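Engineer: Here's a sequence, model it:
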Amino acid sequence: MNATQNKLIPREYVRVDNPEHPFTLVGPEMLLSDKKNLIALFEPSAEELKSKTKLMTRLIGARIAYPAITNMVLLLDPKNTIGFKQEVASDYFDHIIEHRELRNLEQLFKVKKNLNILAEHKDEQRNIFDFQAKKQMLNLKYLENNDFKYKKVKLFSQNVEKPSFHNYITGQDEIPRSNIFEYNQEAIIGIKNLQKSKSDLVELMPFFEFTLRSQFKVDRGIPYYGNQQNKILNINERPSNRFDPLKPVRMISLYGWQLSNFDSEEELKETVKRKR
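Structural biologist: This is a model prediction of the structure:
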């Protein structure tokens with residue numbers, strides 16, 4: 001957001017630029033509050049202007065994590081062309097505005113959400129985080145009891161194939177590009193060798209996006225978590241983050257992945273059997 005756009009935002013609001021959240025990877029560009037209500041401003045990157053999925057997965061992540069009362073606002077420059085219809089974006093965002101409308105944000109703060117939709121959103125968030133908490137307990141127990149002896153993991157089974165899944169955002173069927181496979185129609189297996197030179201969260205992003213694309217559906221702004229199939233993430237070392245060491249495990253658990261470190265068909269079979 002440039003200096004001219006910043007000047008349009010009234011000073012009386014509490015403001016946080018590029019906010020960090022324990023359950024988001026990349027959130028909104030800005031949070032604004034009048035101490036009663038909350039607005040999250042999203043300004044699409046060049047990549048997101050071309051890719052509906054990239055923008056909407058970022059939005060769905062925020063819908064999951066931020067309070068249900070948050071107004072999700074898409075900020076669009078009329079000079080830019082977008083790679084999807086604006087009415088499609090309106091199914092996900094509460095409001096779509098242009099930069100000149102930033103000076104009238106008080107009007108958005110006055111908009112009240114439907115109480116029934118708000119209650120349903122809160123209920124769904126409780127369901128999502130109950131699921132997350134159970135997965136996190138299992139993953140923390142696995143970290144406590146296993147030493148990650150395999151320092152390089154690989155695809156060793158012949159009984160796998162790339163899964164076809166329905167992308168709820170685009171309405172099309174897809175096959176993941178990352179090392180994500182279906183094993184004997186029993187489980188989804190992710191394979192990743194983390195590198196010390198890169199952020200674990202960034203390297204794990206494709207596995208989180210797979211869940212956001214294939215298992216979350218947004219209706220009236222509510223993120224519904226469907227088809228919570230068995231997903232096993234086979235990695236070579238304990239995931240961590242410099243400033244928030246447990247964040248990768250929280251995110252892995254939120255998106256339904258179970259941590260593992262194995263290196264044979266037999267171990268894979270045992271892992272699938274154990275984690276059903």
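Engineer: Residue 195: how many residues sit nearby?
Structural biologist: Residues within reach of residue 195, counting by other C-beta atoms under 10 Å, total 11. Yep, even glycine has a C-beta here, placed from its N, CA and C like the rest.
Engineer: thinking it is in contact with residue 202, fair?
Structural biologist: No - using C-beta atoms under 8 Å, residue 195 is not in contact with residue 202, being 10.2 Å away.
Engineer: From the contact count, pick out the helices and strands touching the strand or helix carrying residue 106.
Structural biologist: In the assignment (DSSP states H and E), residue 106 maps to helix 105-109. Helices and strands touching helix 105-109, by 3 or more C-beta pairs under 8 Å, 6 or more residues apart in numbering; DSSP states H and E, are strand 38-42, strand 71-76.
Engineer: Parallel or antiparallel, which strands does the last one pair with?
Structural biologist: It refers to strand 71-76. Strand 71-76 sits in its sheet next to strand 38-42 (parallel), strand 95-98 (parallel), going by DSSP bridges.
Engineer: next one: the longest one to chain centre, how far?
Structural biologist: Just to be clear, that refers to strand 38-42. Mean-position distance between strand 38-42 and its chain equals 17 Å (C-alpha atoms, centre = their mean, to the nearest Å).
Engineer: What's the first helix or strand after it?
Structural biologist: helix 46-50.
Engineer: Output that following helix as PDB - backbone C-alpha positions only.
Structural biologist: Output in PDB follows, covering the C-alpha atoms of helix 46-50 (Å, rounded to 0.1, in the frame of the first residue of the first chain):
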ATOM      1  CA  ALA A  46       0.600  -9.400  -9.100                       C
ATOM      2  CA  GLU A  47       0.400 -13.200  -8.900                       C
ATOM      3  CA  GLU A  48      -2.900 -13.100  -7.100                       C
ATOM      4  CA  LEU A  49      -4.400 -10.800  -9.800                       C
ATOM      5  CA  LYS A  50      -3.800 -13.700 -12.200                       C
END
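Engineer: what is the rounded mean pLDDT of it?
Structural biologist: Averaging pLDDT along helix 46-50 yields 84.
Engineer: same thing with stretch 116-123?
Structural biologist: Rounded mean pLDDT across stretch 116-123 is 95.
Engineer: Show me what counts as buried in it.
Structural biologist: 118, 120-121 (16 or more other C-beta atoms under 10 Å).
Engineer: Output that stretch as CSV, restricted to C-alpha atoms.
Structural biologist: Output in CSV follows, covering the C-alpha atoms of stretch 116-123 (Å, rounded to 0.1, in the frame of the first residue of the first chain):
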residue,chain,number,x,y,z
ASN,A,116,-27.5,-16.2,11.9
ILE,A,117,-24.6,-16.3,9.6
LEU,A,118,-22.3,-14.9,12.3
ALA,A,119,-23.4,-17.7,14.7
GLU,A,120,-22.9,-20.4,12.1
HIS,A,121,-19.5,-19.0,11.3
LYS,A,122,-18.5,-19.2,15.0
ASP,A,123,-19.8,-22.7,15.3
